[in-house]
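Novice: Sequence and computational prediction follow.
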Amino acid sequence: MHHQPCCLYGCTRRRASRRIRYCAGHMAALNRYGHPLGKPLRSTEVAPYRRQVASLYARFPSHPGLLAGETILSDLLRLAQSDLRDRDFADHALRLSVSGVTPRELLERVGAVFLLARDDPRQLPDDARLDFALARAVLYARPLRRLQTRKGYSVSVRPTATTCRKLGQFLRSRLAMLFHLAGEYFDQQRQRREEQAAAMRTPFVNYKGTAATTS
Ligand SMILES: [Zn+2]
C-alpha cells in the first residue's frame, strides 16, 4: 500500500498511485500546464502583450498574416480542423462559439503568449509548457462549463491534457512564424526608442560633432 515518493527531485510526497510517477499535486500541474512544475501565466503579465498584438491590428489592418491567423482560429472554432475533432475539444469549441468569442480575440490572446514567451523564456522554458499556455489562452478565454456532481458539488469541466497538448501543438506549428516576426517588429521599435533616448542624453558641452561648414 505504501507508494514510492514522487519522482520529482526534492519532492517527498507519495506518488498519487502505483502507476503514476508523481504525487497528486505535481500530476495535476503536469495535466494542466504540461510540466509538473508548470504554473498559470498571470493575467497582469499577459495583458501588455495582448495590447501589443491589438496595436498590430491598428497599424497593419490588412496584414495577410493577421488575416490568415484569424481564419485559422475561425476554422478551429467551427471544427474544420481534421486533427482536432475529438469529443472533448468539440465541447470546448462549442462553449467558446456560443459565448460569442471572436477569432480575432483568440488570436490576440494566443499572440500575447507567444510574445511573452519570447521576452521572458524562463516562464515557459520548453515547448510542452508553451503548448499548454497557448492552448489555455484559447480554452480559458471564457469561463468553463460547470457540472453538478451526484453529491451536489459543482465542478468545472476542464479540458483534458490531451486536448491542451494537441491544440497547443497545432497553434504553435501554425502561428509561431507570425508572432516571431511580430516580436522582431516590436524589438526593432524598442531599439529605435532607446537610440532616440540615448541621443537626447548627448551633452552639448564639449560636443565634437561635424561642424556645419561649407568648404
Ligand atoms: Zn511531487
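Specialist: Right, received. Where do you want to start? Residues are numbered from 1 along each chain as shown.
Novice: Quick check: Tyr33 touching Ala135?
Specialist: No: using C-beta atoms under 8 Å as the test, Tyr33 is too far from Ala135 to be in contact (10.2 Å). For the C-beta atoms, the positions are set from N, CA and C on the backbone; glycine is no exception.
Novice: more crowded one of these two?
Specialist: Under the criterion of other C-beta atoms under 10 Å, the comparison of Tyr33 against Ala135 puts Ala135 first, with 27 against 21.
Novice: quick one: the more buried one and Thr162 touch, right?
Specialist: No: counting by C-beta under 8 Å, no contact exists between Ala135 and Thr162, whose distance comes to 10.5 Å.
Novice: tell me, what's touching the two both at once?
Specialist: Here Ala135 and Thr162 have no joint contacts, going by C-beta atoms under 8 Å, 6 or more residues apart in numbering.
Novice: Just the buried residues of whichever helix in the chain runs longest, please?
Specialist: For the chain, the helix with the greatest residue count under DSSP state H is helix 161-200. Under the neighbour-count criterion of 16 or more other C-beta atoms under 10 Å, helix 161-200 has 161, 163-172, 174-175, 178-179, 182-183, 186 buried.
Novice: Identify the residues contacting Lys39.
Specialist: Taking C-beta under 8 Å, 6+ apart, we find Lys39 in contact with 29, 33.
Novice: and the gap between Ala80 and Arg51?
Specialist: As judged by C-beta to C-beta, to the nearest Å, Ala80 and Arg51 stand 30 Å apart.
Novice: Check Ala137 too.
Specialist: When Ala137 is compared with Arg51 (using C-beta to C-beta), they lie 15 Å apart.
Novice: per the record, what domains does this structure have?
Specialist: Partitioning the chain according to automatic domain parsing yields domains covering residues 1-39, 40-148+155-194.
Novice: got the residues of the chain near the ion?
Specialist: 6, 8, 11, 13, 23, 26 (C-beta under 5 Å from the ion).
Novice: Can you tell me which of those are buried?
Specialist: Applying the neighbour count, that is 16+ other C-beta under 10 Å, the buried entries in the residues of the chain next to the ion are 6, 8, 11, 23, 26.
Novice: just checking, Arg21 is part of a helix?
Specialist: No: judged by DSSP: H, G, I helix; E, B strand; the rest coil, Arg21 forms no part of a helix; its state is coil.
Novice: Quick check on it: phi, psi?
Specialist: When quoted as degrees, to the nearest 10, the phi and psi of Arg21 stand at phi -80, psi -20.
Novice: In terms of pLDDT, where does it sit?
Specialist: The score at Arg21 is 92. That number is its pLDDT.
Novice: Check Glu184 too.
Specialist: Looking at Glu184 specifically, the model assigns a pLDDT of 97.
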